[in-house]
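Student: Sequence first, predicted model second:
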Number of protein chains: 2
Amino acid sequence: MSDAFDPETDLRITRDLAAPPGLVWRCWSEPALFRRWFCPSPVEVTECVLALRPGGRFMTVMRLPDGTEMPSEGCFLEVVPERRLVFTDAMTAGWRPGDAPFMTAAIDLAPTATGTRYSAHVMHRDAAARARHEEMGFAGGWGTALEQLGALAHSLIS
Amino acid sequence: MSDAFDPETDLRITRDLAAPPGLVWRCWSEPALFRRWFCPSPVEVTECVLALRPGGRFMTVMRLPDGTEMPSEGCFLEVVPERRLVFTDAMTAGWRPGDAPFMTAAIDLAPTATGTRYSAHVMHRDAAARARHEEMGFAGGWGTALEQLGALAHSLIS
């Protein structure tokens, strides 16, 4: 399923990963794996909750190199194992409205001859939020995380 | 399925309606019926879109007696025909973050000997939004709408 892309408010990134969708999905669903790729190094994920079902909790705590911890609460919206994952910070677990809605991300995984085409479509609340995300380094940050994800998933090939 | 009730941020209302869940569901899913009960008279629903699927658009335009039109955009989150409906204004169609998140409502329908027990659980963004909703006349407004819904669904019994 694809979503309409609105250049005013949306950003996207696509990468070809050298591992099949099943292993990429493991890196998204197993906390011990998830923590190793989701934030571009040297930012670390110190805690996470991945309740992979519609309305399920998606919580992460990121630790910056200076020790600052940044907690984030959201929920999953669509979960199709090995295929599609949509999550947002506009709501928290059990569909409660969030207090700082910023974005929804739709991740699509498609099998390819060499692994997985990974596409992320990020929808922001408005053009200002999109611009802020771009300035925060969306392309570099998500790009680095996806390189980490690709390497980790590849290392799981037995 | 029931949701945890948080007295700080939530409101709820329950009514026994004299019509079976199938007819109550028709009043929620058919625009021509929906427009006749969703707003307490003399407020009118002049337009609506009811895309009853997860992420589907839920749009209404209400017209106040002085002619003012109040559009509202949201989306459906859970749809279990004749049983459960969850919607929010924290997101719009296709899971886009909304620009004025206020509440999520979970509606549960349970068959009873005489018709349907209709329970609405409304979760607000914070305690202030809950208080504002209460001051706007939540109990009276939703209560009147549910009386209208019960009478309309009852009139459909053939």
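Tutor: Good, I have the coordinates.

Student: Return the list of strands paired to the strand of greatest length in chain A, each annotated with direction.
Tutor: Using DSSP state E to define each element, chain A has its longest strand at strand A:69-80. Next to strand A:69-80 in the sheet, as set by DSSP bridges, lie strand A:57-63 (antiparallel), strand A:84-88 (antiparallel).

Student: from these, which stretch is densest packed?
Tutor: Scoring those by mean neighbour count under mean count of other C-beta atoms under 10 Å in any protein chain shown gives strand A:84-88 as the most buried, with a mean of 22. Every C-beta, even on glycine, is put in place using the N, C-alpha and C of the backbone.

Student: ok, residues contacting that strand?
Tutor: Here strand A:84-88 makes contact (C-beta atoms under 8 Å, 6 or more residues apart in numbering or on different chains) with A:1, A:28, A:52, A:58, A:74-79, A:98, A:101, A:103-109, B:55, B:91, B:95, B:97.

Student: 7 Å - rerun?
Tutor: For strand A:84-88, the external contacting residues (C-beta atoms under 7 Å, 6 or more residues apart in numbering or on different chains) are A:1, A:28, A:58, A:74-79, A:103-108, B:91, B:95, B:97.

Student: ditto for stretch A:44-61
Tutor: A:29, A:31, A:34-35, A:38-39, A:62-63, A:69-79, A:87, A:93-95, B:54, B:77-78.

Student: cool, stretch A:150-158 as well?
Tutor: Contacts of stretch A:150-158 from elsewhere in the structure, counted by C-beta under 7 Å, 6+ apart, are A:15, A:17-19, A:23-24, A:26-27, A:33, A:36-37.

Student: how about the strands in chain A?
Tutor: Under DSSP E, chain A gives strands at A:10-17, A:44-50, A:57-63, A:69-80, A:84-88, A:91-92, A:96-97, A:103-111, A:116-124.

Student: that older thread, list of residues touching the longest strand of chain A?
Tutor: Counting by C-beta under 7 Å, 6+ apart, A:46, A:51-64, A:84-89, A:91-93, A:95, A:98, B:54-55, B:95 sit against strand A:69-80.

Student: now the angle from that strand to strand A:103-111?
Tutor: Angle, strand A:69-80 to strand A:103-111, by axes from the mean of the first three to the mean of the last three C-alpha atoms, to 10 degrees: 50 degrees.

Student: List the buried residues in strand A:69-80.
Tutor: Buried residues in strand A:69-80, counting neighbours by 16 or more other C-beta atoms under 10 Å in any protein chain shown, are found at A:73-79.

Student: and chain A, which residues reach chain B?
Tutor: Contact residues (C-beta under 7 Å from any C-beta of the partner chain) of chain A with chain B: A:3-4, A:54-55, A:77-78, A:86, A:88, A:90-91, A:94-99, A:101-104, A:123-126.

Student: of those, buried ones?
Tutor: Buried residues within the residues of chain A next to chain B, counting neighbours by 16+ other C-beta under 10 Å: A:3, A:54-55, A:77-78, A:86, A:88, A:90-91, A:94-98, A:101-104, A:123-125.

Student: re earlier: I'd like the strands paired with strand A:69-80 laid out as CSV, including mean pLDDT and distance to A:Ala145.
Tutor: As requested, the strands paired with strand A:69-80 are exported to CSV (pLDDT from 0 to 100; distance: least, C-beta to C-beta, whole Å):
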stretch, mean pLDDT, distance to A:Ala145
strand A:57-63, 97, 11
strand A:84-88, 98, 14
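
Student: on that earlier part again, please convert the strands of chain A to CSV, extending it with distance to B:Ala139.
Tutor: Shown next, in CSV, are those (distance: least, C-beta to C-beta, whole Å):
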stretch, distance to B:Ala139
strand A:10-17, 40
strand A:44-50, 35
strand A:57-63, 31
strand A:69-80, 28
strand A:84-88, 30
strand A:91-92, 25
strand A:96-97, 20
strand A:103-111, 33
strand A:116-124, 35
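
Student: out of those, nearest to B:Leu11?
Tutor: strand A:96-97 (13.3 Å; C-beta to C-beta).

Student: Average pLDDT for the longest helix seen in chain A, rounded please.
Tutor: If you go by DSSP state H, chain A has its longest helix at helix A:138-155. For helix A:138-155, mean pLDDT is 96.
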